[in-house]
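J.: Let me see the structure of the following:
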Amino acid sequence: MVVASLTWELSLPGCASLKEKRSVIRSLRDRLRSKFNVSVAETGLQDVHTRAELTIALVASDGRLAESMLDKADRFVEQHGGAIISGVRREIH
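T.: Here you go, the predicted model:
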């Protein structure tokens, strides 16, 4: 069994307030949960309206499956129009 996580540091150029940021992050978080069946949380930068840190976690039967899921989730976030990835941290245990 493998536990994996992926953390994105995101730039949110169109957000002028925390309310707009929450809307973008909530949409992305909900879509990640439903599409990939992963746990998702905003793990940092909560008080900064132009940046966010979002982390997903998952449990898989083997490392290749975990890597594949993380790759798919990463591509999904790259294609999300409201957020630009400025950093990524990946961990597999």
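J.: Could I get the full set of helices for the protein?
T.: 18-36, 63-79 (DSSP state H).
J.: For stretch 61-70, the averaged confidence score.
T.: For stretch 61-70, mean pLDDT rounds to 93.
J.: Buried residues in it, which are they?
T.: Buried positions in stretch 61-70, judged by neighbour count with 16 or more other C-beta atoms under 10 Å: 66, 69-70. To be clear about C-beta, it is placed using only N, CA and C from the backbone, and glycine gets the same treatment.
J.: picking up where we left off before, how about a markdown table for the helices of the chain, with distance to W8 added?
T.: Shown next, in a markdown table, are these (distance: least, C-beta to C-beta, whole Å):
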| stretch | distance to W8 |
| --- | --- |
| helix 18-36 | 9 |
| helix 63-79 | 6 |
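J.: Who's the closest spatial neighbour of I84, skipping the chain neighbours?
T.: With C-beta to C-beta, 6 or more residues apart in numbering as the criterion, I84 has its nearest non-adjacent residue at 4.4 Å, and that residue is S11.
J.: Near the one you found, how many other residues are there?
T.: 14 (other C-beta atoms under 10 Å).
J.: Relative to V3, how far out is it?
T.: Counting by C-beta to C-beta, to the nearest Å, the gap from S11 to V3 is 28 Å.
J.: and what of D47?
T.: Distance, D47 to V3, using C-beta to C-beta: 29 Å.
J.: which of those two has more neighbours?
T.: V3 (12 against 8).
J.: Show the contacting residues for H80.
T.: Residues near H80 by C-beta atoms under 8 Å, 6 or more residues apart in numbering: 28, 31.
J.: cool, and V38?
T.: 32, 56-58, 69, 73.
J.: most centrally placed residue in the protein?
T.: L54 (4.3 Å; C-alpha atoms, centre = their mean).
J.: What confidence value was assigned to the nearest residue to that residue once chain neighbours are set aside?
T.: Closest residue to L54 apart from its sequence neighbours, by C-beta to C-beta, 6+ apart: W8 at 5.1 Å. On pLDDT, W8 comes in at 96.
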